[in-house]
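*Asks:* No letters, just coordinates:
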């Protein structure tokens, strides 16, 4: 019987179930979008119930489409949008509130109050993160403080917390009938509640945020057989759990210190493998767990996070109606030679790395009567490339490692105009792999390592292949002049709120 590995990739805008064969190629997949809910300015929510329903649907559709029997699946891995939180009742499975999404800024006041004692880096030594609305911990505190009866339910053990990975694993493994309440080190490292050195919940921070530890999941390695699925995939081992960006690092086989990848999705996330060493950033980057394979020591990474990348193209489509599909942005941008002097800084929910400015808001600068929609489209694409350049600069300075090439993945890497511009502004080759679905592939790889489907990291590296390489062709003085204009544009977004 042919054996496969599968992955659930529960992202910000959609959930996918992808089945891979041994060479790392996709056999079949299914995908469903879920609703983006915006109850107030700066608030972003999802329906946890809808996400679980979509997950079951895509599992069924992929198995049916590929005519694959559940017993042909060796194991499944989970990868997920990080920092998006759910709190639900362990006895009924019912969420107490919508999932609060990583982009949500409602915890701004909580973060500001916490920063009054020790500043934005109050907890950075323990958790590698600044105080920011991005992370899960302040979101849990907001729920406990604002949802009637929730704190009492958490103290009694009825209300339990999880990011989306935890919520899905709980349901997949039985839910109210003994579902596993676990997370992995990568997702836990994004809560602002896990100590990076001990890989355990930090009791001091829990006390400061007034979060009962009994509502938190057990922290496990990223690659390990945790339990087994019930339902359509009954008996299949659940053998991996990774936050989406760490999963992409694994999927790109960036297993050596100094190797980096950039994922272009709703946001944009660059990770640099720093090995078993935690590197504290002096330039606004995050220190995070990259992965932990079974009993092996944890591997760490530096991460630069951009809040708005592909989401800016969606905004152009959905809010302004300039394009009818996201793919059309490239043709629109190619109607013009350059950006016409326009820079678009998409600080819709503040600025992430390297600034961490919650007071920033989006701005389009450099407008003249000459500018038309092609220039706006080009500025939209260039915004992602410039934000990536800023992160790379900080990463090289923090790590002392000079990047020689950038491996890329995610939904936007099919945009050749963007990829060429990215190479131009970085001054290094940009490399797209044969399998662009590296997030799901990374979760599959980790599950396969845990179950012996793949014997070693070397076997995974042999799977990796190049699809296309873009080489820089912009003059250095031109690049630096444009970059200076971008940095000037960024300053125009500060102090808006």
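*Replies:* Now that the structure is in, tell me what you want to look at. Model, not experiment: these values are computed from the prediction.
*Asks:* List the buried residues for stretch 209-223?
*Replies:* Across stretch 209-223, burial judged by 16 or more other Cβ atoms under 10 Å covers 209, 211-212, 215-217, 219-223. C-betas here are computed from N, CA, C, even on glycine.
*Asks:* Of the residues you listed, which is the nearest to residue 429?
*Replies:* Top of the list for closeness to residue 429, among these and by Cβ to Cβ, is residue 222 at 29.1 Å.
*Asks:* how much space between the closest one and residue 180?
*Replies:* For residue 222, the distance to residue 180 (Cβ to Cβ, to the nearest Å) stands at 15 Å.
*Asks:* Leaving out chain neighbours, which residue sits closest to residue 55?
*Replies:* Nearest residue to residue 55, sequence neighbours excluded (Cβ to Cβ, 6 or more residues apart in numbering): residue 15, at 5.2 Å.
*Asks:* I'd say that neighbour and residue 53 touch.
*Replies:* No - using Cβ atoms under 8 Å, residue 15 makes no contact with residue 53, being 9.4 Å away.
*Asks:* Need the nearest residue in space to residue 107, chain neighbours excluded.
*Replies:* Going by Cβ to Cβ, 6+ apart, residue 107 has residue 138 as its nearest residue, at 3.8 Å.
*Asks:* which secondary structure elements does the host helix or strand of that neighbour contact?
*Replies:* Per DSSP states H and E: residue 138 is located in helix 136-146. Other elements packing on helix 136-146 under the criterion 3 or more Cβ pairs under 8 Å, 6 or more residues apart in numbering; DSSP states H and E are strand 85-89, strand 99-100, helix 108-115, helix 150-156, helix 203-209.
*Asks:* Deepest-packed of the ones you listed, please.
*Replies:* A comparison of those by mean neighbour count, using mean count of other Cβ atoms under 10 Å, puts strand 99-100 on top with a mean of 26.
*Asks:* List the contacts of it.
*Replies:* 44-48, 51, 84-86, 106, 139, 142-143, 164, 167 (Cβ atoms under 8 Å, 6 or more residues apart in numbering).
*Asks:* which residues in the stretch 301-450 of the chain form strands?
*Replies:* Per DSSP state E, counting those that start in this stretch, the stretch 301-450 of the chain carries strands over the ranges 343-345, 363-365, 406-409, 430-433.
*Asks:* nearest to residue 440, of those?
*Replies:* Residue 440 lies closest to strand 406-409 among the strands of the stretch 301-450 of the chain, at 10.4 Å (Cβ to Cβ).
*Asks:* average pLDDT across the closest one?
*Replies:* If you average the pLDDT over strand 406-409, you get 91.
*Asks:* Direction included, what does that strand pair up with?
*Replies:* Sheet partners assigned to strand 406-409 using DSSP bridges are listed as strand 260-264 (parallel), strand 430-433 (parallel).
*Asks:* Look up phi and psi at residue 287.
*Replies:* Per-residue torsions, residue 287: phi -100, psi 130 (degrees, to the nearest 10).
*Asks:* dump the residue contacts of it.
*Replies:* So residue 287 contacts 124, 128-129, 196, 278-281, 300-303 (Cβ under 8 Å, 6+ apart).
*Asks:* please redo it, this time with the cut-off set to 10 Å
*Replies:* By Cβ atoms under 10 Å, 6 or more residues apart in numbering, the residues touching residue 287 are 124-125, 127-129, 189, 196, 274, 277-281, 300-303, 398.
*Asks:* Where strands are concerned, which of those residues count?
*Replies:* Those of the contacts of residue 287 mapping onto strands are 274, 300-303, per DSSP state E.
*Asks:* Give the buried residues for the helix holding residue 138.
*Replies:* Across helix 136-146, burial judged by 16+ other Cβ under 10 Å covers 136-144.
*Asks:* Can you give the distance of it from its chain's centre?
*Replies:* Remark: helix 136-146 is offset 20 Å from the chain centroid, using Cα atoms, centre = their mean, to the nearest Å.
*Asks:* for it, what is the average pLDDT?
*Replies:* Mean predicted lDDT for helix 136-146 stands at 96.
*Asks:* same check, this time on stretch 325-342
*Replies:* 93.
*Asks:* Which positions within that stretch qualify as buried?
*Replies:* Buried residues in stretch 325-342, counted by 16+ other Cβ under 10 Å: 326, 329-330, 332-333, 336, 339-340, 342.
*Asks:* coming back round to it: ok, so of the buried residues of stretch 209-223, who is nearest residue 427?
*Replies:* residue 222 (33.1 Å).
*Asks:* State the phi and psi torsions of that closest one.
*Replies:* Torsion angles, degrees, to the nearest 10, at residue 222: phi -80, psi -30.
*Asks:* The residue nearest to residue 55 looks like it's in a strand, true?
*Replies:* Yes - counting by DSSP: H, G, I helix; E, B strand; the rest coil, residue 15 falls inside a strand.
*Asks:* State the number of residues packed around it.
*Replies:* Using other Cβ atoms under 10 Å, residue 15 has 27 other residues around it.
*Asks:* Among the contacts of residue 287, name the buried ones.
*Replies:* Neighbour-count burial (16+ other Cβ under 10 Å) is assigned, among these, to 124, 127-129, 189, 196, 274, 278-279, 281, 300-303, 398.
*Asks:* which parts of stretch 48-64 are buried?
*Replies:* Using 16+ other Cβ under 10 Å as the test for burial, stretch 48-64 gives 48, 50-52, 54-56, 58-59, 61-63.
*Asks:* And stretch 370-389, by the same measure?
*Replies:* Within stretch 370-389, the residues that count as buried by 16+ other Cβ under 10 Å are 371, 374-389.
*Asks:* next one: stretch 362-372
*Replies:* Within stretch 362-372, the residues that count as buried by 16+ other Cβ under 10 Å are 362-366, 371.
*Asks:* Would you mind putting these into TSV with pLDDT and distance to residue 237 alongside?
*Replies:* Shown next, in TSV, are the buried residues of stretch 362-372 (pLDDT from 0 to 100; distance: Cβ to Cβ, whole Å):
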residue	pLDDT	distance to residue 237
362	94	44
363	95	49
364	96	50
365	95	52
366	95	54
371	94	55
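*Asks:* For the most far-flung residue of the chain relative to its centre, list the residues it contacts.
*Replies:* Distance from the C-alpha centroid of the chain, by Cα atoms, centre = their mean, peaks at residue 369 (38.2 Å). Contacts for residue 369 (Cβ under 10 Å, 6+ apart) come out as none.
*Asks:* switch to numbering from 83
*Replies:* Sounds good: first residue 83 from here, last item residue 451.
*Asks:* Tell me how many other residues crowd residue 557.
*Replies:* Residues near residue 557, counting by other Cβ under 10 Å: 10.
*Asks:* was I right about it contacting residue 507?
*Replies:* No - when contacts are counted by Cβ atoms under 10 Å, residue 557 is not listed as touching residue 507 (11.8 Å).
*Asks:* Select, out of the strands of the stretch 383-532 of the chain, the one closest to residue 332.
*Replies:* Short answer: strand 488-491, nearest of those by Cβ to Cβ, at 11.4 Å.
*Asks:* Next, the residues that contact that closest one from outside, please.
*Replies:* Contact partners of strand 488-491, identified using Cβ under 10 Å, 6+ apart, comprise 330-331, 333-336, 341-347, 350, 352, 470, 474, 495, 500-501, 504-505, 508, 510-515, 517-521, 523-524, 546, 548, 550, 552.
*Asks:* Please compute how far stretch 441-461 lies from its chain's middle.
*Replies:* Using Cα atoms, centre = their mean, the mean C-alpha position of stretch 441-461 is found 27 Å from that of the whole chain.
*Asks:* Quick one: end-to-end length of it, please.
*Replies:* Chord length of stretch 441-461, first to last residue, is 22 Å (Cα to Cα, to the nearest Å).
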